[in-house]
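Fold the following, please.
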Amino acid sequence: MSINKELSDRVQFQSENNIRHLPFSQEMQFYSAVRNGDINKVRELFTPLAQEGYGVISSDPIQNIKYHLVITIAMLTRFCIEGGLPAETAYTISDIYINRMDNCADERQLAQIHQEVVFDFTKRMQLISSGDAYSKHVVRCIDIIYENIYSGVTVSMIAQKLGLTPQYISKIFKKEVGITIFEFIMSRRIQAAENMLKFSEYSSVEIANYMNFSSHSHFISVFRKYTGMTPKQYRDKYFRTNYSPTDGAEKALPTPDDLRTEGE
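As a prediction, the model looks like this:
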């Protein structure tokens, strides 16, 4: 059947059975409220995915919700980037929640993730709207760090990409974020290493090499400083079998306060 014939048949069926998608204007109001960090408006417009108005993408009810949740997360991500959330932060949040969704097997878990991701994005945008956001140079600096986290990013490289001096970008980064660029980079490298220890079968030596540490012993030393455990102890405690869809929500993306604590 051609797409035009199927489209015609579906539109006729939906019209005859009074099946309607959510109004476009209502969807845009919702995503705009998230982008603006308007929590009260988001609460007012928030609707569960398992209800009329979201359309049938799959005959499997759980898979249908998952498809709609992926669409929702994609829309949230792009609206929030447009609103000033650093792109790499937004895409990483998206990846985290979609990965969690992938492990869900029932409607209750999916509903929980749906609510969490909506209000996670909204609260982050509320900080930006309240004036607590970073300047454009610091936002771009953070983006560059994420884009090059596995390739040995340095302050000099960041400064060159931004067309600024290392001294200037270091000064404004420390002032706005509360820790040095080096401390921020190291905390992100350790976060990435934590995820690899949790969810991959790479050895500690392989992870140290992949993350561009000078040696395995240096990796162990830095990892212990940030987590209080050696990589082996961390893997023994958290590797896959101990993971749940709601585990480590804040750990994945620390708040500025968390980063300040790490840098002290």
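
Go ahead and name everything in contact with stretch 209-229.
Stretch 209-229 is contacted by residues 150-152, 186-187, 189-190, 192-194, 196, 202, 204-205, 207-208, 230-231, 234, 237, 262 when judged by C-beta atoms under 8 Å, 6 or more residues apart in numbering. Placement of C-beta: from N, CA and C, glycine included.

where exactly do the helices run in the stretch 51-200 of the chain?
Secondary structure of the stretch 51-200 of the chain (DSSP state H, counting those that start in this stretch): helices at 61-82, 87-102, 107-127, 136-147, 155-162, 166-177, 181-199.

contact partners of the longest one?
Applying C-beta under 8 Å, 6+ apart, the contact partners of helix 61-82 are 31-32, 34-35, 49-50, 54-58, 87, 90-91, 93-94, 97-98, 101-102, 104-107, 110, 113-114, 117-118, 121, 124-125.

That helix: how far from the chain's middle?
Distance, stretch centre to chain centre, for helix 61-82: 13 Å (C-alpha atoms, centre = their mean, to the nearest Å).

average pLDDT for it?
Averaging pLDDT along helix 61-82 yields 90.

same thing with the fifth one?
Averaging the model's pLDDT scores along helix 155-162 yields 94.

Show me what it is packed against.
helix 136-147, helix 166-177, helix 181-199 (3 or more C-beta pairs under 8 Å, 6 or more residues apart in numbering; DSSP states H and E).

Give me the mean pLDDT for the longest one.
Average pLDDT, helix 181-199: 87.

next one: the second one
Computed over helix 166-177, the mean pLDDT rounds to 92.

Going by neighbour count, which residues of it are buried?
By neighbour count with 16 or more other C-beta atoms under 10 Å, helix 166-177 contains the buried residues 166, 169-170, 173-174, 176-177.

The longest one now?
For helix 181-199, the buried set under the neighbour-count rule, 16+ other C-beta under 10 Å, comprises 181, 183-198.

same question, the first one
Neighbour-count burial for helix 136-147 flags 137-146 (criterion: 16+ other C-beta under 10 Å).

Ok, stretch 123-140 next?
124-129, 133-134, 137-140.

Which residues are in contact with the residue nearest to V138 when sequence neighbours are not counted?
Of all residues not flanking V138 in the chain, E176 sits nearest, at 5.0 Å (C-beta to C-beta, 6 or more residues apart in numbering). Each residue near E176 by C-beta under 8 Å, 6+ apart is listed here: 134-135, 138.

Could you dump the helices of the stretch 51-200 of the chain into TSV with distance to H216 added?
Output for the helices of the stretch 51-200 of the chain, formatted as TSV (distance: least, C-beta to C-beta, whole Å):
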stretch	distance to H216
helix 61-82	36
helix 87-102	26
helix 107-127	35
helix 136-147	23
helix 155-162	24
helix 166-177	29
helix 181-199	12
